[in-house]
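Student: Predicted model and sequence follow; I will ask about them next.
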Amino acid sequence: NDCSERICKAHTVSKSALSLIAENGHLYHFEINGFKEQKEIANGIPDDLKIRNLNLNNPSIYKLRSAFNLNPYVPPSFVGLNDASTFNGFCEKHDRELFSPLENKLFIDSDEQYFLLYYRAICRKLYSLYASENMNKMENIFVSKDFSRLQQRIANNLDISDMVKVKEEMDNNILTNVFSSIRWISVETNIPPIIMTNEIFAPKFDCKSKKMKNMEIIENNETNKALDWIVLSSFSYKGQNRISLIWLEDSNGTAEEFYKSFVCENEKVLILQKFITAIFASCENIYFSMSWWNTLPQQIKEYLCER
């Protein structure tokens, strides 16, 4: 009840961190725009094969683009520092107070700091899922027989239900200053990561394409079992640079399987490569250096875009 009147643009990746890889106050990111994407695809498909309502989360999107001579490579867009990674999830007062251990203190790899990174990610994800549900209700045009959004709605509802429970538990932990339930593994880098993200997801396969417990739960429709939600976070706070995996101790085993698949004996470079691939494969809240992207070979750009 003591919220401030102003709802702020809350950064899920610290603005101070993003400024380290920004150029002239801007970065690259991939714009998620369902209305624009559907219109573009529908206009390029012959009338007799037209799919009016494409489920954008379906990986067939890239196959369809290729089949109808549509460019599967969608280049990143510019975004300003003030808008990058933001959502209207907190009032100004609580955003400032809640995340002060991240923004205003030295990063010392404390459980509290990793807990807050996870909390930021789950709040943004819930905000995104609720927004997606509201968008689905706006127009009947977003429902089709060929690529129905029904499955996406069901998945979203399951995700929302799952995440609300996790967030409620985390709310209680914040109120009691108990952060011991968090688990994490980090790679320290010499320079700020050129790709920054703070995203929560439920991995189904590890880095070696091996099926994990999350996928078994989904395939067996084990609704009484919770999925493992993992946060992939790359950031820089006051000279401390990290690429991290974060999860909660109440795990079904997926989190441990997932992070172990990143480990490669005596080859730390390969670990970083896997992190980068995982970021592009699992995250949409991604921001990266324009200079870095512009120097990549076209083949690598297309590979990353198709993740």
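Tutor: Nice, thanks for sending it over. Remember, it's a predicted structure, so these values are computed and weren't measured experimentally.

Student: Assign a three-state SS to Met196, would you?
Tutor: strand (DSSP: H, G, I helix; E, B strand; the rest coil).

Student: what about it, distance to Asn224?
Tutor: Per CB to CB, to the nearest Å, Met196 is found 37 Å from Asn224. The way it works is simple: take the backbone N, C-alpha and C, and place the C-beta from them, glycine included.

Student: Excluding covalently adjacent residues, which one is nearest to Lys238?
Tutor: Among residues not flanking Lys238 along the chain, Leu106 sits closest, at 5.6 Å (CB to CB, 6 or more residues apart in numbering).

Student: in this protein, which spans are strands?
Tutor: Per DSSP state E, the chain carries strands over the ranges 7-11, 26-29, 77-80, 86-91, 182-188, 195-201, 230-237, 240-248, 286-288.

Student: packing partners for the second one?
Tutor: Contacts defined by 3 or more CB pairs under 8 Å, 6 or more residues apart in numbering; DSSP states H and E place strand 26-29 against strand 77-80, strand 286-288, helix 290-294.

Student: let's go with 6 Å and repeat that
Tutor: strand 77-80, strand 286-288 (3 or more CB pairs under 6 Å, 6 or more residues apart in numbering; DSSP states H and E).

Student: I'd like the ones you listed laid out as CSV, including mean pLDDT, distance to Val178 and mean neighbour count.
Tutor: CSV is the format used below for the helices and strands packed on strand 26-29 (pLDDT from 0 to 100; distance: least, CB to CB, whole Å; neighbours: other CB atoms under 10 Å):
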stretch, mean pLDDT, distance to Val178, mean neighbour count
strand 77-80, 91, 36, 14
strand 286-288, 93, 31, 24
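
Student: remind me which residues of this structure are low pLDDT?
Tutor: Applying pLDDT under 70 to the chain flags residues 1, 32-73, 132-158, 264-271, 307.

Student: Repeat the analysis, applying 80 as the threshold.
Tutor: Scanning the chain for pLDDT under 80 picks out 1-2, 4-5, 31-74, 129-161, 207-208, 223, 262-274, 305-307.

Student: need the helices for it, in chain order.
Tutor: Assigned by DSSP state H, the chain shows helices spanning 15-18, 34-44, 60-67, 92-98, 100-103, 111-136, 150-176, 213-219, 254-260, 268-282, 290-294, 298-305.

Student: from the chain's centre, how far out does the fifth one sit?
Tutor: Between the centre of helix 100-103 and the centre of its chain there are 21 Å (CA atoms, centre = their mean, to the nearest Å).

Student: just to revisit the earlier point, tabulate the strands of the chain (TSV), appending distance to Leu129.
Tutor: Putting those into TSV (distance: least, CB to CB, whole Å) gives the following:
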stretch	distance to Leu129
strand 7-11	16
strand 26-29	19
strand 77-80	21
strand 86-91	12
strand 182-188	22
strand 195-201	11
strand 230-237	15
strand 240-248	19
strand 286-288	18
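
Student: Figure out which of those is closest to Ile122.
Tutor: strand 195-201 (5.4 Å; CB to CB).

Student: So what angle separates the directions of that closest one and helix 268-282?
Tutor: Relative orientation of strand 195-201 and helix 268-282, computed by axes from the mean of the first three to the mean of the last three CA atoms, to 10 degrees: 60 degrees.
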